[in-house]
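K.L.:
Sequence and predicted structure are below.
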There are 2 protein chains.
Amino acid sequence: MSETVKLSLDEIRDLSLSILTKSGFGPDHAVAIADTLTTCQIDDCQSHGLFRLFMCADTIKAGQIDGHVEPVLEPSDNAVVRVNAQGGMSLLAFEKALPVLIEKTRTHGIAAMAINRCFHFSALWPEVERLSSAGLAAMAMVPSHSWVAPAGGTRGSLGTNPLAFSWPRRGKDPFTFDFATSAFARGEIELYRRAGKPLPEGVAIDKYGNPTTDPQAAMDGAMLTFGSYKGSALSIMIELLAGPLIDDLTSLESMEYADGAGGAPYHGEILLAFDPAQFSGGRVDENDARAERLFTDITDQGARLPSQRRFAARARNTERGYVEIAKTLHGDLQALAEQAQAR
Amino acid sequence: MSETVKLSLDEIRDLSLSILTKSGFGPDHAVAIADTLTTCQIDDCQSHGLFRLFMCADTIKAGQIDGHVEPVLEPSDNAVVRVNAQGGMSLLAFEKALPVLIEKTRTHGIAAMAINRCFHFSALWPEVERLSSAGLAAMAMVPSHSWVAPAGGTRGSLGTNPLAFSWPRRGKDPFTFDFATSAFARGEIELYRRAGKPLPEGVAIDKYGNPTTDPQAAMDGAMLTFGSYKGSALSIMIELLAGPLIDDLTSLESMEYADGAGGAPYHGEILLAFDPAQFSGGRVDENDARAERLFTDITDQGARLPSQRRFAARARNTERGYVEIAKTLHGDLQALAEQAQAR
């Protein structure tokens, strides 16, 4: 990062709240979104921090989203909590259903949350880490837009379909990962295009289905999944579990729904949560030790656990009480705050 | 395949039952194993069909396993069915717990099966397909032995850790995949070694942690995961969910437990099952159509869904009423039957 600006943790949250409120989000949505952006920014997760305020403002400006709509929890006596975001952003729906998911997981041992009819722009790791903070293991999946070709295919059918997982570690940062099943992030291709740099081999095809390293040809064509046919199979599983299983859109349908409009995609999300106490017959300490031994065996050989850079940033930024963001981003955010005000 | 022998579906099952019984498996275990081997052989899944009788016989011959032990279902009123295989093969435990898993899934929407203290040698797809045959979606995971290095590592910490998934399709073969999270199958490395062929790049490291294409150096070193750090993260998730979560061994511990002995590894297994009717609020037909549209979009562009070769073999072999196996395998199996008899 070249020139940076220091923002305290309160300043991040206040700036976010201010922009969201001025853009047209009601207080409940603004708080849910600002809290998540702050969580990401504390971890120096630039792609899903304050930067996402532009997408939030765009989505509401395009008239796609109701900034005040209240998510509706559907009552259930089974192990599935369904929450209808009613065309709002996903995060308030998640917040509303989270206590129910935790309670259901502790009751049933395993439980799921289905978020329906939501606009979605956020990283999944803050959500699975809310569950691991409560001592539960958790998995989350979402579709996106059909930018990604299946293995052996010639055009986009699948979303970038991230999978996130978090495992609680007492007194330590959790074991967490959150990765796209596409070989490359959509936003990265755009960065390569702007920089005039060729893409790595094996991440994209052009509109004729041929391999390409040209970013523009990739944008006009499709991305590939990571890990060839295995990554492709995993991505299809995510389409099914976070789409048709929960009565919500596939990435193909989400793309059609957006019909070329920018902003956040509209679809569903699924989270699974697991209570180690119930699964292990109460032997949590012995099994925590078993998991820790695996983590130690991995780090002792010089390999890194996922998310270590993020946790290091969290520790550093929390300790010093501020984060650094690019001065250009800060300037753009201030301009956004003024524009939103003027609207 | 060079010279082959034709076996009717009854002959496959009878030959399996005969070898298993003579080797020392009680009738319940013999039936559970023979049924799975027959299921695999009908699909021309050679690696997990009759060929596995050698591993079953070896495991019992080494005195590791009790061929008569009865799996014990632990009573529960939550959404987790735990079954203790008590040191027997996993398959009878699976059979015993399957009706409970199906019932719990229909009751709770989502449910899990944890199989503990089992020897494990089988493919996971026959199990997830039992659930998709019942109209449920299902996922299965197992650890194995710590032959696989984490991303950035220099030695084995992880198992080959397969992930299987099946999605029900009415009137059609299900959408099913079952893949190892290692880049290469352990057995394939052995085949390359025997053939004196170098391995592909990127599938293994030697005992010093350096990349190698030499099969023997790979056997002495470690395998790598598919998909670099993403595959590695997924593999660690499988260790956690199919190990410490369910109070059972990691691949590291399973390897220590075996202490160099051959035969099937000893550990646990987890299955997750999802009821589309409950997750979708009863809108199964609309959502089936949505999933079918995705499958069609994938196959229309010339890409294949996973398991298509297997389903084609199933249709062909079921239609003609026999399978073909290599004459050499058939000879070896007859010798095994005689040896087992003589013991």
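P.N.:
Great, that's in hand. Keep in mind the model is a prediction, meaning the values are calculated, not measured. Numbers count the residues shown, from 1 in each chain, chains lettered A, B, ... in the order given.
K.L.:
near chain B, which residues of the stretch 51-200 of chain A show up?
P.N.:
A:74, A:76, A:78-80, A:82, A:107-112, A:114, A:137, A:139, A:149-155, A:157, A:163, A:165, A:167, A:175, A:177, A:179, A:181 (Cβ under 8 Å from any Cβ of the partner chain). To be clear about C-beta, it is placed using only N, CA and C from the backbone, and glycine gets the same treatment.
K.L.:
Just the buried ones from those residues?
P.N.:
Buried subset of these (neighbour count, 16 or more other Cβ atoms under 10 Å in any protein chain shown): A:78-80, A:82, A:108-112, A:114, A:137, A:139, A:149-155, A:157, A:163, A:165, A:167, A:175, A:177, A:179, A:181.
K.L.:
which ones among those residues are found in helices?
P.N.:
A:His108 (DSSP state H).
K.L.:
quick one, what contacts the closest residue to chain B within the stretch 101-250 of chain A?
P.N.:
Among the residues of the stretch 101-250 of chain A, A:Gly227 lies closest to chain B, at 2.9 Å counting by Cβ to the nearest Cβ. Contacts here follow Cβ atoms under 8 Å, 6 or more residues apart in numbering or on different chains; on that basis A:Gly227 touches A:234, B:226-228, B:230-231.
K.L.:
Could you list which of those belong to helices?
P.N.:
Checked against DSSP H, the contacts of A:Gly227 include these in helices: A:234, B:228, B:230-231.
K.L.:
List the strands paired with the helix or strand where A:Leu271 lies, with their directions.
P.N.:
Here A:Leu271, judged by DSSP states H and E, is contained in strand A:266-274. In the sheet, strand A:266-274 lines up against strand A:110-119 (antiparallel), strand A:137-141 (antiparallel) (DSSP bridges).
K.L.:
average pLDDT for it?
P.N.:
For strand A:266-274, the mean pLDDT works out to 97.
K.L.:
Equivalent analysis for stretch A:235-253, please.
P.N.:
On average, stretch A:235-253 scores 98.
K.L.:
That stretch near chain B anywhere?
P.N.:
Yes - using Cβ under 8 Å from any Cβ, stretch A:235-253 reaches chain B at A:236-237, A:239-241, A:243-247, A:249-250, A:252-253.
K.L.:
Tell me the spacing between the closest residue to A:Val323 other than its chain neighbours and chain B.
P.N.:
Nearest non-adjacent residue to A:Val323, counting by Cβ to Cβ, 6 or more residues apart in numbering or on different chains: A:Asn317, 4.9 Å away. Separation of A:Asn317 from chain B (Cβ to the nearest Cβ, to the nearest Å) stands at 24 Å.
K.L.:
which residues does A:Asn317 contact?
P.N.:
A:9, A:42-44, A:323.
K.L.:
One more pass at 10 Å, please.
P.N.:
If you count contacts by Cβ atoms under 10 Å, 6 or more residues apart in numbering or on different chains, A:Asn317 has them with A:7, A:9, A:12, A:41-44, A:323-324.
K.L.:
Number of residues surrounding A:Thr213?
P.N.:
16 (other Cβ atoms under 10 Å in any protein chain shown).
K.L.:
The one 3 residues further on too?
P.N.:
Burial of A:Gln216 is recorded as 12 neighbouring residues (other Cβ under 10 Å).
K.L.:
part of a helix, is it?
P.N.:
Yes - A:Gln216 sits within a helix when classified using DSSP: H, G, I helix; E, B strand; the rest coil.
K.L.:
Distance check, the closest residue in space to it that isn't next to it in sequence against A:Tyr208.
P.N.:
Spatial nearest neighbour of A:Gln216, excluding adjacent residues (Cβ to Cβ, 6+ apart): A:Arg193 at 5.7 Å. The gap separating A:Arg193 from A:Tyr208 is 19 Å, by Cβ to Cβ, to the nearest Å.
K.L.:
Then A:Ala180?
P.N.:
24 Å.
K.L.:
Hmm, A:Thr225 is touching A:Ile205, no?
P.N.:
No - look at A:Thr225 against A:Ile205 with Cβ atoms under 10 Å: they stay out of range, at 11.4 Å.
K.L.:
Please enumerate the shared neighbours of those two.
P.N.:
With Cβ under 10 Å, 6+ apart as the test, A:Thr225 and A:Ile205 both reach A:149, A:153.
K.L.:
A:Asp10 touches A:Ile42, doesn't it?
P.N.:
No - counting by Cβ under 10 Å, A:Asp10 stays clear of A:Ile42, with 11.6 Å between them.
K.L.:
These two: who's more crowded?
P.N.:
A:Ile42 (20 against 11).
K.L.:
so who does the more buried one touch?
P.N.:
So A:Ile42 contacts A:9, A:12, A:49, A:310, A:313-318, A:322-323 (Cβ under 10 Å, 6+ apart).
K.L.:
Mind doing that once more with 6 Å?
P.N.:
A:314, A:317 (Cβ atoms under 6 Å, 6 or more residues apart in numbering or on different chains).
K.L.:
Show me the shaky parts of chain A.
P.N.:
Applying pLDDT under 70 to chain A flags the ranges A:1, A:341-343.
K.L.:
Where do the strands of it begin and end?
P.N.:
Along chain A, the segments classed as strands by DSSP state E run A:4-8, A:72-74, A:80-84, A:110-119, A:137-141, A:163-167, A:175-179, A:204-205, A:222-223, A:266-274, A:322-326.
K.L.:
Next, the residue nearest to the spatial centre of chain A: phi, psi?
P.N.:
Centroid-nearest residue in chain A, with Cα atoms, centre = their mean: A:Ala123, separated by 1.9 Å. The phi/psi pair for A:Ala123 (degrees, to the nearest 10) reads phi -70, psi 150.
K.L.:
what about the closest residue to it other than its chain neighbours, distance to A:Cys56?
P.N.:
Computed as Cβ to Cβ, 6+ apart, the closest residue to A:Ala123 that is not its neighbour in sequence is A:His48, at 4.0 Å. Distance, A:His48 to A:Cys56, using Cβ to Cβ: 12 Å.
K.L.:
more crowded one of those two?
P.N.:
A:Cys56 (29 against 20).
K.L.:
Kindly provide the distance from the more buried one to A:Val142.
P.N.:
From A:Cys56 to A:Val142 the distance is 17 Å (Cβ to Cβ).
K.L.:
On the strand side of things, show who the residue lying closest to A:Val142 once chain neighbours are set aside bridges to.
P.N.:
Distances taken as Cβ to Cβ, 6+ apart put A:Glu269 closest to A:Val142, at 4.6 Å, once the chain neighbours are dropped. Note on A:Glu269: beta-bridge partners A:Ile115, judged by DSSP bridges.
K.L.:
who are the neighbours in contact with A:Glu269?
P.N.:
With Cβ under 6 Å, 6+ apart, A:Glu269 has these contacts: A:90, A:115, A:142, A:242.
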